[in-house]
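In: got a structure for you, letters missing:
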């Protein structure tokens, strides 16, 4: 048994023990070699059904708007992901979503752009407009104008 701890005191005070010894006879240490009788409890009946599987996570909604997707700077090289080439008719890339007076246009192809990122212009590919995305007229005109400019530079 370890001696009780004492507080650090000044010379004029007497030492007061932190622990108080229990009044009564000291208990004998337990015999750890004695077998402890424990009863293993098993269920009376096993479950009939396996535990239920967790529900699968719902799939995220597909991106149908390009509000956050359309970058401020559109690169020089925009291509259709399916063909790997620039669309030959940029005006056919978008159709009006709500004819005849709608102000949103739906993309009919998946447009990606090849860009250079970082200090060393490391080549990368990023999604510009997903298929089925609905863009405002101004955004659609911006992409179509960039596609026309890209075709003009290739033709020269």
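Out: Perfect, I can see it now. Keep in mind it's a predicted model, so treat the numbers as computed, not measured.

In: Residue 113: neighbouring residues, count only.
Out: Residue 113: 21 surrounding residues under other C-beta atoms under 10 Å. Glycine gets a C-beta too; all of them are placed from N, C-alpha and C.

In: tell me the contacts of it?
Out: Taking C-beta atoms under 8 Å, 6 or more residues apart in numbering, we find residue 113 in contact with 74, 75, 77, 78, 79, 125, 126, 128.

In: same thing but 7 Å
Out: 74, 75, 77, 78, 126, 128 (C-beta atoms under 7 Å, 6 or more residues apart in numbering).

In: what sits against the last one?
Out: The one in question is residue 128. By C-beta under 7 Å, 6+ apart, the contact list for residue 128 reads 78, 111, 112, 113.

In: Now, those residues that are in helices?
Out: Among the contacts of residue 128, no residue falls in helices (DSSP state H).

In: pretty sure residue 148 contacts residue 89?
Out: No - between residue 148 and residue 89 there is no contact under C-beta atoms under 7 Å: 10.2 Å.

In: What is the end-to-end distance of stretch 51-71?
Out: Terminal residues of stretch 51-71 are spaced 48 Å apart (C-alpha to C-alpha, to the nearest Å).
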